[in-house]
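# got a predicted structure plus its sequence, pasted below:
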Amino acid sequence: MNIKNICCIGAGYVGGPTMAVVAQKCPHIKVTIVDINASRIAAWNNQDLSKLPVFEPGLDKIVGEARGRNLFFSTDIDQAIDEADMIFMSVNTPTKTYGKGKGMAADLKYIELCARQIARVSKSDKIVVEKSTLPVRTASAIKNILEHTGNGVKFQILSNPEFLAEGTAVQDLLNPDRVLIGGDTTDAGQKAIQALVDVYANWVPKERILTTNVWSSELSKLTANAFLAQRVSSINALSQLCEKSGADVHEVSKAIGMDSRIGSKFLKASVGFGGSCFQKDILNLVYIAKTYGLNEVADYWEQVILMNEHQKNRFSDNIVTTLYNTVSGKKITFLGWAFKKDTNDTRESPAIQVADNLLSERAHISVYDPKVVEERIYADLDYLNTRSSEENRALLQVSNDPYTASKASHAIAVLTEWDEFKTYDWQKIYDQMQKPAFVFDGRGILDTKALEKIGFVCYKIGSGS
Ligand SMILES: NC(=O)C1=CN([C@@H]2O[C@H](COP(=O)(O)OP(=O)(O)OC[C@H]3O[C@@H](n4cnc5c(N)ncnc54)[C@H](O)[C@@H]3O)[C@@H](O)[C@H]2O)C=CC1
Ligand SMILES: O=C(O)[C@H]1O[C@H](OP(=O)(O)OP(=O)(O)OC[C@H]2O[C@@H](n3ccc(=O)[nH]c3=O)[C@H](O)[C@@H]2O)[C@H](O)[C@@H](O)[C@@H]1O
């Protein structure tokens, strides 16, 4: 089967970049990305490519090349579904905030709404692809919804989880380690798998396209994120022991990472992992294990989350202790708010929790992030509901310049590893700060030896000195 028309429901951090690359690499396929959020679609259609709703290095160029040729962004979901032979579901699957499984299970209401809309609108046979990250066995629920339309339309459901990381999405999509496609073992299932393999084969070498049964594919996505997050929590757990023992976590990372069985990636100690997926996906894995009665399995994975909470809290605790046990009325400058560099995404960013802890101690915070806008920062804090939004605005200021942000402050805290932080005129920053001037490097990116020479008192995560 030759795919000619693709629809993707959900124009977010995954749907947007993923489909832009499909469209760029497959000029013979019409790709339409739809969303219920009209302002998001308008932003994707913005003539000014620097105003796309998702910031990813290289994405503007790809959208600029394909948009209007075979890549379209629209709010007309029904029409796009009707025309498509293949429909990707790339909607959000956040942690449930209500009812059974609250705080743990994935909220599948958006996926279910998509499935119902596909069922209602479709007049011809379609391949429906799970692009969102979903609990294992979701495909059977989707199948159930799709098969009860009674209009004779046939659906095949595939699982094709996305492994891109934000900040490197374009590179990850152009050159993936692997593409995973799960489907039914029936003849029709295998044909659907082949149709999707053929789409990716336009630019991904065949040996990197892995096909499995649908349950393995669904579970592999949660497993990959759990393993990655576990590495970060493991090295972060060791970072505290390094600080106590005089070892240096950056040296330890290098030493263990050179063991080819361990590998060097994902061993950077930090103020904690953030992002929209690690926490949500591990909580979901924990919940799934619990529903099968596997309590030890659940406890094992939950520890990855607990360690991450600890890492964020101990970072803010350390700031308070170092600043003579009180930060009340003191100005603390945050460099970075995004959950990692090269993205404007702040979901579950460790900066949010660290700021909230310090604001509860009555600190005054001034934030500078190269890509995150002011409204986003206030919305992140307000969402926690710890204090009124008026109080958040009174205690925290957002600045669009690092030198203004750090003026007269008692301490600087590095929350995101943006490259530009390394190139600042640190002497100038020092001269305009209160003394002693403290730096708390939560990402281990600054040359603390050079800063100490200037006169700063430095703390670097995982270093004893
Ligand atoms: N953000 C990431 O780096 C990655 C995310 N994922 C997974 O991909 C999925 C999507 O994640 P993001 O793109 O980050 O989410 P997002 O929140 O950026 O985008 C989801 C979009 O879906 C839209 N939407 C929700 N319900 C809809 C409906 N019924 N009809 C039309 N549009 C609808 C929303 O308006 C939103 O724009 C999640 O399951 C996530 O776990 C997977 C890999 C990477
Ligand atoms: O399912 C998802 O959403 C995605 O989740 C992660 O991607 P992402 O969250 O975008 O970013 P990562 O690069 O994984 O970073 C996550 C967090 O861990 C932190 N981290 C990462 C690596 C490290 O060594 N140390 C560390 O603290 C980062 O700063 C960041 O806060 C995975 O890397 C992707 O493969 C996956 O597709």
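Sure thing, it's come through. Numbers count the residues shown, from 1 in each chain. Ligands and ions are numbered 1, 2, ... in the order given.
# now do the buried residues in stretch 33-53.
33, 34, 35, 40, 41, 43, 44, 52, 53 (16 or more other Cβ atoms under 10 Å). C-beta: built from backbone N, CA, C; applies to glycine.
# just stretch 80-94 next, same as before
80-82, 84-93.
# is it anywhere near ligand 1?
Yes. Judged by Cβ under 6 Å from any ligand atom, stretch 80-94 and ligand 1 are in contact via 90, 91, 92, 93.
# among these, which lie within strands?
When DSSP state E is applied, those are split such that none fall in strands.
# and of those residues, the nearest to residue 301?
Proximity of the residues of stretch 80-94 next to ligand 1 to residue 301 (Cβ to Cβ) peaks at residue 93, which lies at 17.7 Å.
# ok, now which ones touch residue 153?
122, 123, 124, 125, 126 (Cβ atoms under 8 Å, 6 or more residues apart in numbering).
# now it: how far from residue 395?
Look at residue 153 and residue 395: by Cβ to Cβ, to the nearest Å, they are 56 Å apart.
# in stretch 232-249, what's buried?
232-240, 242-243, 247-249.
# pull the CA atoms of stretch 175-194 into CSV?
Presented in CSV, the C-alpha positions along stretch 175-194 are these (Å, rounded to 0.1, in the frame of the first residue of the first chain):
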residue,chain,number,x,y,z
ASN,A,175,19.3,10.4,11.8
PRO,A,176,17.5,8.2,14.4
ASP,A,177,19.3,5.4,16.3
ARG,A,178,16.2,3.4,15.4
VAL,A,179,12.6,3.7,14.3
LEU,A,180,10.3,1.3,16.1
ILE,A,181,7.0,0.1,14.6
GLY,A,182,4.7,-2.4,16.3
GLY,A,183,1.7,-3.9,14.7
ASP,A,184,-0.7,-6.9,14.5
THR,A,185,0.8,-10.3,13.5
THR,A,186,-2.1,-10.8,11.0
ASP,A,187,-1.6,-10.3,7.3
ALA,A,188,-3.4,-7.0,7.3
GLY,A,189,-1.3,-5.9,10.3
GLN,A,190,1.9,-6.8,8.5
LYS,A,191,0.8,-4.8,5.4
ALA,A,192,0.1,-1.8,7.6
ILE,A,193,3.6,-2.1,9.2
GLN,A,194,5.1,-2.3,5.7
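# hmm, who's touching it?
1, 127, 139, 154, 156-161, 163-164, 196-197, 200, 204, 208-218, 220-221.
# need the buried ones from the residues you listed selected in PyMOL.
In PyMOL, this line selects whichever of the contacts of stretch 175-194 come out buried by 16+ other Cβ under 10 Å:
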select buried, resi 127+139+156+157+158+159+160+161+163+164+196+197+200+204+209+211+212+214+217+218+220+221
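# so the residue nearest the centre of the chain: helix, strand or coil?
Taking Cα atoms, centre = their mean, the centroid of the chain lies closest to residue 275, which sits 3.5 Å from it. Under the three-state scheme (DSSP: H, G, I helix; E, B strand; the rest coil), residue 275 adopts coil.
# tell me how many other residues surround the closest residue to it other than its chain neighbours.
Of all residues not flanking residue 275 in the chain, residue 339 sits nearest, at 4.7 Å (Cβ to Cβ, 6 or more residues apart in numbering). Neighbour count for residue 339, taken as other Cβ atoms under 10 Å: 25.
# what of residue 306?
Residue 306, neighbours per other Cβ under 10 Å, totals 11.
# quick one: it from residue 283, how far?
11 Å.
# try residue 318
The value you get for residue 318 to residue 283, if Cβ to Cβ is used, is 26 Å.
# neighbour count for these two, which is higher?
residue 283 (21 against 16).
# for the more buried one, which non-adjacent residue is closest in space?
residue 104 is the one closest to residue 283 (Cβ to Cβ, 6+ apart), at 4.7 Å.
# ok, that neighbour touching residue 98?
No. Residue 104 lies out of contact with residue 98 (Cβ atoms under 8 Å); the separation is 11.9 Å.
# tell me if stretch 106-115 is near ligand 1.
Yes. Contact of stretch 106-115 with ligand 1 (Cβ under 6 Å from any ligand atom) involves 110, 113, 114.
# what strand or helix carries the first one?
Using DSSP states H and E, the element containing residue 110 is helix 109-121.
# and the contacts of that helix?
Applying Cβ under 8 Å, 6+ apart, the set of residues contacting helix 109-121 is 9-10, 77-78, 81-82, 87, 89, 91-93, 126, 128, 130, 132, 134, 138, 141-142, 145-146, 148-149, 155.
# tell me which of residue 104 and residue 98 has more neighbours.
Taking other Cβ under 10 Å, residue 104 and residue 98 do not tie; residue 104 has more neighbours (20 against 8).
# what's the neighbour count on whatever residue of the chain ends up closest to ligand 1?
Per Cβ to the nearest ligand atom, residue 12 is where the chain lies closest to ligand 1, at 1.9 Å. When counting by other Cβ under 10 Å, one arrives at 20 neighbours for residue 12.
# pull the contacting residues for it.
The contact partners of residue 12, taken as Cβ under 8 Å, 6+ apart, are 35, 40, 54, 90, 91, 92.
# am I right that the third one sits in a strand?
To tie it back to what came earlier, the one meant is residue 54. No. Assigned with three-state DSSP, residue 54 falls outside any strand and is coil.
# any chance you could map the strands in the stretch 101-250 of the chain?
126-130, 155-159, 179-183, 209-213 (DSSP state E, counting those that start in this stretch).
# of all those, which lies closest to residue 366?
strand 126-130 (42.7 Å).
# what are the pairing partners of that closest one, and which direction each?
strand 86-89 (parallel), strand 155-159 (parallel) (DSSP bridges).
# rebuild these as CSV, extending it with mean pLDDT.
Below are the strands paired with strand 126-130 laid out as CSV (pLDDT from 0 to 100):
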stretch, mean pLDDT
strand 86-89, 98
strand 155-159, 97
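# dump the strands of the stretch 101-250 of the chain to JSON lines, plus distance to residue 448.
Shown next, in JSON lines, are those (distance: least, Cβ to Cβ, whole Å):
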{"stretch": "strand 126-130", "distance to residue 448": "45"}
{"stretch": "strand 155-159", "distance to residue 448": "45"}
{"stretch": "strand 179-183", "distance to residue 448": "41"}
{"stretch": "strand 209-213", "distance to residue 448": "43"}
